[in-house]
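[1] Here is my input; please provide its structure:
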Amino acid sequence: MTLSKPAQRAYIHTRQVTCEGFRRADGLWDIEGHLTDLKTYGFESEHRGRIDPGDPIHQMSMRLTVNDALIVQAVEVVTEKAPFHHCSDILPNFQKLVGLNIGLGWTRAVRERLGGSLGCTHMVELLGPVATTAFQTIFPILYRERLDREKDQPPPADAPVRRPELLDMCHVFASDGTFARRHWPEFYTGSSESGAKGL
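    Sure, this is the predicted structure:
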């Protein structure tokens, strides 16, 4: 399904966000995000002079290096283009991300360290998709590798069952949903088969 046919309109602005995840040879992971803002019209800028259509107003990149546990090991941020010369002055503050875990509480921790005048609005916004890209990059690889190891060396019969990482992460993986009932019965919290939500 696609969006419905729009009303008559004029094209004004494009924001492009691209995120990529990489496994490094040293066992760490690089998660990179790139943000570009483009206008379809030209205008005069106080610091940059004339900005022509298609010349990025914002062109920014970041790289978070994380470990398997999604703990930030290093941060690199670059402002290639911005409307003001001093936009990049705040970039050293992003080193405050080192040591944080991309998981529960990530958004709050980022806001506390880089919210408002403590950071760059656009870089902080980019941290959202960068964080989800980290999860999408790392979790499936480690999960598959763990399953492969368990095929070769199954855990002892009396080993505790691990709580699935995806449990209650969204409505599909709700603990009282059909998916949990079918795939994770040990963690299913619904009252009956007929009452299960979801798939």
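[2] So which residues of the protein form helices?
    106-114, 121-152, 178-183 (DSSP state H).
[3] Show me which positions of the first one end up buried.
    Read that as helix 106-114. 106, 109, 110, 113, 114 (16 or more other Cβ atoms under 10 Å). (Each C-beta comes from the backbone N, C-alpha and C, glycine too.)
[4] Find the nearest non-adjacent residue to the third one, please.
    The reference is to residue 110. For residue 110, ignoring the flanking residues on the chain, the nearest one in space by Cβ to Cβ, 6 or more residues apart in numbering is residue 127 at 5.6 Å.
[5] where are the low-confidence patches of the protein?
    Scanning the chain for pLDDT under 70 picks out the ranges 193-199.
[6] please redo it, this time with the cut-off set to 80
    154-161, 165, 192-199 (pLDDT under 80).
[7] Do a quick rundown of the strands in it.
    Along the chain, counting by DSSP state E, strands occupy 13-23, 29-39, 43-45, 49-51, 58-66, 72-81.
[8] How much space separates the residue nearest to residue 110 from residue 88?
    17 Å (Cβ to Cβ, to the nearest Å).
[9] Between these two, tell me which one has more neighbours.
    Using other Cβ atoms under 10 Å as the criterion, residue 127 and residue 88 rank with residue 127 on top: 23 against 16.
[10] Was I right to think the more buried one contacts residue 113?
    No - Residue 127 is beyond contact range of residue 113, at 10.5 Å (criterion: Cβ atoms under 8 Å).
[11] Give me the common contacts of these two.
    Residues touching both residue 127 and residue 113 by Cβ atoms under 8 Å, 6 or more residues apart in numbering: residue 97.
[12] Return the residues in contact with the spatially closest residue to residue 84 that is not a sequence neighbour.
    Taking Cβ to Cβ, 6+ apart, and ignoring the residues beside it in sequence, residue 84 has residue 47 as its nearest neighbour in space, at 5.0 Å. The contact partners of residue 47, taken as Cβ under 8 Å, 6+ apart, are 83, 84, 85.
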